[in-house]
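Chemist: coordinates only, sequence not included:
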RNA sequence: AGAGUCGUUUGAUCUGUCGCUUAUUGGGCAACCAAUAAGAGGAAAGUCCGGGCAGCGCAGAGCUAUUCACUUCUUAACGGGAAGAUAUCCGUGAGGGUAUGUAUAGUGUAGAAGAAAACAACCGCCCCCAAAGGGUAAGGGUGAGAAUGCGAGGUAAGAGCUCACAACGACAUGUAGCAAUAUAUGCCGUGUACACACUGAAUGCUGAAAGUUCAAGUAUACCAGCGUAUGAGGGCUGCUCGUCCGAUAUACCAGCGCUGGAGGGUAGAACGAUAGAGUCUGGCGGUGACGUCAGAACCAGAUAAAUGACAGAUAACCCAACAAGGUUACAGAACCCGGCUUACAGAAUGACUCUUUUU
RNA sequence: GUCCCUGUAGUUCAAUGGAUAGAACAGCAGUUUCCUAAACUGCUGAUCCGGGUUCGAUUCCCGGCGGGGAUA
């Protein structure tokens, strides 16, 4: 059975959780064009909650921001097995934020590589 | 054929793999799963106007303030739109831009220059023996603007002082037009700009983060007043009458109801929120904006925010041609409508204009 | 999303619709010094963009672009 879903339940929505994630205790892994911030949140059946952010500083137009968000979402969706299987084994939940860093549009292939690198680095740390 | 002007329409297509949101149906205690259907724009943008909708306020009348201002029409409404009027500027032209209420009244202001910016006299001219004083807007130079222009008469010199011909404006009458206005005649008048003034019309304030409901929560702490059916208070949006709603327990404890003051806590969910001044097709009326009648379909509804990602093929364009390669605009709903403004690769199409060539 | 404010030299600020847009610092040149600094003298340099009103616009009006703020 395929795990390549990314439904609304896996979105990080709660304001409290987001504030906690962006506090100083969270870990960060740098990459380009995307940066990853994570926090181990405790035991839960869902292995990960994800937030994607592309700020107005990098892209002025909403069209470009939407495209960047969609590219990140797709590559996470296709590569999330990297992180799900070890976490499901431990029964831990991780909160993740992807932050866009580039000022220019980037091809999906490069984003895919970057996300894969970030996720495997994250599994190594946990 | 080329170059343009004013409109109108459109805004690449197809296939595969993996997904997202909503609705319906089926299964499941539930989480969820499966199937089917639908899923960004002409500007969704800017937030510049106008409405719907919501809360609060509100008798009437008056005062003040703001906005608008040629005419007629259009509309739910508008500072928008349509068709016209006058003036002016740009363009060979088709056309395009801008302005416009009233008042010959009154008040105020107008740097520098200039004698003077409106109760005016510097030079000049004239009266005068001269001075003093007076008359004078023909001529000079300044300026955006200098007493409407020009000719004749007239005069000491001059002056609408008088007359003819013109320019502009107000009024009266006739004609055309719904009207702005045009035109003819008569009569009266004459510096420029802005502001105040006057007239007419419109306008309560705040915006969906409005507002309503529910859950959760140690606790609505504390203070004051009123009330518990002989009823505090509230609704029916001025008041009165009328009518409706309206409070637990009661031996004690305790979180009884309403009003005012003064605090505390939570950061959740649902409604609002998508059937509409709507869309499409056709007929009729109108120069047109638009109106009206008939028929058809239901056509995004998310919530840190879905409507996608990747691969391939086709089409159009660019590099003189083919191939390779590149490009395929502007741009992403957030309560909903009507406009305006701004951005926009290309394609189609209607009417018209100019230039050249041919017949 | 909604509602406000704002834009002047390289920088920080002035200027009631009126003559060549002013001041400080900065920059450049010169004087001074053996050289530098300081000081003195002179010069360069700007009204965000496009229209309109006006005789005349940094100022008033309209549209655009940019910057900042408030609101749970």
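Modeler: Yep, it's here. In this text the structure is predicted, and so the values were computed from the model without any measurement. Numbers count the residues shown, from 1 in each chain, chains lettered A, B, ... in the order given.
Chemist: just say helix, strand or coil for residue A:98.
Modeler: With DSSP: H, G, I helix; E, B strand; the rest coil as the basis, residue A:98 sits in strand.
Chemist: so how far is RNA strand B from it?
Modeler: 11 Å (CB to the nearest atom of the strand, to the nearest Å). No exception for glycine: its C-beta is placed from N, CA and C like everyone else's.
Chemist: isn't residue A:95 right up against residue A:13?
Modeler: No - if you go by CB atoms under 8 Å, residue A:95 and residue A:13 don't touch, sitting 10.9 Å apart.
Chemist: more neighbours: the two, which one.
Modeler: Each of residue A:95 and residue A:13 had its neighbours counted (other CB atoms under 10 Å), and the higher figure belongs to residue A:95 (20 against 10).
Chemist: so what's that one up against?
Modeler: A:12, A:17, A:20-21, A:38-39, A:41, A:48-49, A:51 (CB atoms under 8 Å, 6 or more residues apart in numbering).
Chemist: export those residues to TSV and tack on pLDDT, neighbour count and distance to RNA strand B?
Modeler: Shown next, in TSV, are those (pLDDT from 0 to 100; neighbours: other CB atoms under 10 Å; distance: CB to the nearest atom of the strand, whole Å):
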residue	pLDDT	neighbour count	distance to RNA strand B
A:12	76	16	7
A:17	71	15	8
A:20	72	14	11
A:21	74	20	11
A:38	84	21	16
A:39	81	19	16
A:41	70	17	14
A:48	81	22	14
A:49	82	22	11
A:51	84	17	6
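Chemist: nearest to residue A:29, of the residues you listed?
Modeler: Closest approach to residue A:29 among those (CB to CB): residue A:38, at 7.5 Å.
Chemist: close enough to count as contact, the closest one and residue A:121?
Modeler: No - Residue A:38 lies out of contact with residue A:121 (CB under 8 Å); the separation is 10.0 Å.
Chemist: can you give me the strands in chain A?
Modeler: All strands of chain A, identified by DSSP state E, fall at A:27-29, A:34-43, A:48-53, A:92-100.
Chemist: what's the farthest-apart pair in the contacts of residue A:95?
Modeler: Between all members of those, the farthest pair (by CB to CB) comes out as A:20 and A:48, at 15.1 Å.
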